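Asker: What shape does this take:
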Amino acid sequence: MKNNKKHWWEYLWIGTSIYFVLGFFNILFGWLGLVCFLTPLMISIFKGNKSYCHHYCGRGQLLELLDKKLKISRNKPMPTWLKHKYFRYGFLVFFMGMFMSMLFNTYLVFQGTQSLQEVLTLLWSIKVPWHLSDMSHITPWVAQFAFGFYSLMLTSLILSIITLVLYKPRAWCIYCPMGTMTQLICKGKNR
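Answerer: Below is the predicted model:
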């Protein structure tokens, strides 16, 4: 007889959903994205495996749930180039470049050489026309980091949903920058 009891980690999609909703109401919730950034890195560094990707990734769970409930995936095979290591590594480098740019902008605001940019962006260039709560009472560099990090997370969510619709529910996982990075860590650790 099959055990249908769900494990606690099978509900992490709820946290992912809450994260994205809360960020639209208060950008400071963008900081919580660091949990999704640091946890897989720590697991791959200390355990030498990708258990985060396989069990704990709330985004992957959310993508599967969206397809299960809405049937929005075409369930087509991904093109070979999208699965190729050169694309995955190139996308990781590009994504990390955007991350470093976000950190640099936060640093400039911290130093006072740049003013706070109260804007959410998708795909690093499309400004989201969304008025967020007043940031005048928040330390500018704290808000700048939140805007940048949340924008990065929102962009990756949009890309993962596009990939879900065009291909398969967890097609994003094939070229996810975090998955690629943890894979590199695991390969290096398990040599």
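Asker: C-alpha from now on. contacts and neighbour counts both.
Answerer: Fine.
Asker: Name the nearest residue to the residue sitting nearest the centre point of the chain, sequence neighbours excluded.
Answerer: The centroid of the chain falls nearest to residue 153 when counting by CA atoms, centre = their mean (4.2 Å). Nearest non-adjacent residue to residue 153, counting by CA to CA, 6 or more residues apart in numbering: residue 33, 7.2 Å away.
Asker: Quick check: the one you found vs residue 173, distance?
Answerer: Distance from residue 33 to residue 173, counting by CA to CA, to the nearest Å: 17 Å.
Asker: Near the residue nearest to residue 153, how many residues? Count them for me, please.
Answerer: 18 (other CA atoms under 10 Å).
Asker: try residue 4
Answerer: Count around residue 4 with other CA under 10 Å applied: 6.
Asker: Residue 160 contacts residue 172, correct?
Answerer: Yes: with contacts counted by CA atoms under 8 Å, residue 160 reaches residue 172, the gap being 5.0 Å.
Asker: More neighbours: which of the two?
Answerer: residue 172 (25 against 22).
Asker: Confirm for me that the more buried one is in contact with residue 164.
Answerer: Yes: taking contacts as CA under 8 Å, residue 172 lies within contact range of residue 164: 7.0 Å.
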